[in-house]
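*Asks:* Based on what follows, work out the 3D shape:
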Amino acid sequence: MSWEEVFKLFGAAIFSLGGGGVVVLTLSSWLGKIWAGRILAEETHQLSTRLEETKRDLDVLKEKTLRFQNDKILAYREITEIIAKLLAIMDAENGRIVGWDTDKGPVHEFNEQRLKLYGYLAMLAPQAVMDAQDDLVDHLLLTASGDVDYKWSEVREKVLFLLNAVREDIGLAAGSIVYKGKL
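*Replies:* Model prediction:
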């Protein structure tokens, strides 16, 4: 069979089906598109419903996790305050801070507050912040005990160093804060 005969046979088949074949082909194509559209719409609806359910579940999980973390931090803050009070009492009783009368007023309060500061920072701060805090508090302790003269400019620089370390940790490191005053 030659190619010419194949084309004639194919043409005769199409011609014999004629308009009926075209109608059947057109209707089947149109019906297929309708069914595909309905199936697609149903699938889209089911997926959208599942997506919304998943979002709600994630929101509930996120809320529980955040609440748990916040409760945990609050509990640790309370524990830190209790420990700071205990340590301040022990420092006062045992004369740990030489040259200080730690049983009375502001000195005892300073000691307790520095212990709280250390505990609070240790819960969340990176080592760079802890180092800056240690430098400042050590300087203040040496000043209070009389081993170092009090100079506001030195204290201010140590405070700014600590604050800049904190700023960097929380993402505000768009440049360091510097003192531009005259004192």
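
*Asks:* Going by C-alpha atoms from here, please, whenever you check contacts or count neighbours.
*Replies:* Noted.

*Asks:* Can I get stretch 160-172 as CSV, trimmed to CA atoms?
*Replies:* Presented in CSV, the C-alpha positions along stretch 160-172 are these (Å, rounded to 0.1, in the frame of the first residue of the first chain):
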residue,chain,number,x,y,z
LEU,A,160,27.5,52.7,76.4
PHE,A,161,29.6,49.7,75.5
LEU,A,162,27.0,47.5,77.3
LEU,A,163,24.1,49.2,75.6
ASN,A,164,25.7,48.9,72.2
ALA,A,165,26.2,45.2,72.8
VAL,A,166,22.5,44.9,73.7
ARG,A,167,21.6,46.9,70.5
GLU,A,168,23.6,44.6,68.4
ASP,A,169,22.0,41.5,69.9
ILE,A,170,18.5,42.7,69.2
GLY,A,171,19.3,43.8,65.7
LEU,A,172,19.6,47.6,66.1
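
*Asks:* quick one: average confidence on it?
*Replies:* Averaging pLDDT along stretch 160-172 gives 89.

*Asks:* now swap in stretch 32-45 and tell me
*Replies:* Across stretch 32-45, the average pLDDT comes to 88.

*Asks:* all numbers from here: first residue = 7
*Replies:* OK, 7 is where the count begins now, so the last one is stretch 38-51.

*Asks:* Pull the distance from that stretch to the chain's centre.
*Replies:* Offset of stretch 38-51 from its chain centre (CA atoms, centre = their mean, to the nearest Å): 41 Å.

*Asks:* So, low pLDDT: which residues of the chain?
*Replies:* 7, 12-31, 33, 98-111, 179 (pLDDT under 70).

*Asks:* let's see 90
*Replies:* For the chain, applying pLDDT under 90 flags the ranges 7-46, 75-123, 125-130, 146-154, 156-159, 161, 165, 169, 172-189.

*Asks:* can you pull out the strands in it?
*Replies:* In the chain, no strands are found when defined by DSSP state E.

*Asks:* Tell me which stretches of it form helices.
*Replies:* 9-100, 111-130, 133-150, 158-175 (DSSP state H).

*Asks:* how about those in a markdown table, adding distance to G187 and mean neighbour count?
*Replies:* As requested, the helices of the chain are exported to a markdown table (distance: least, CA to CA, whole Å; neighbours: other CA atoms under 10 Å):
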| stretch | distance to G187 | mean neighbour count |
| --- | --- | --- |
| helix 9-100 | 36 | 13 |
| helix 111-130 | 27 | 16 |
| helix 133-150 | 21 | 17 |
| helix 158-175 | 11 | 17 |
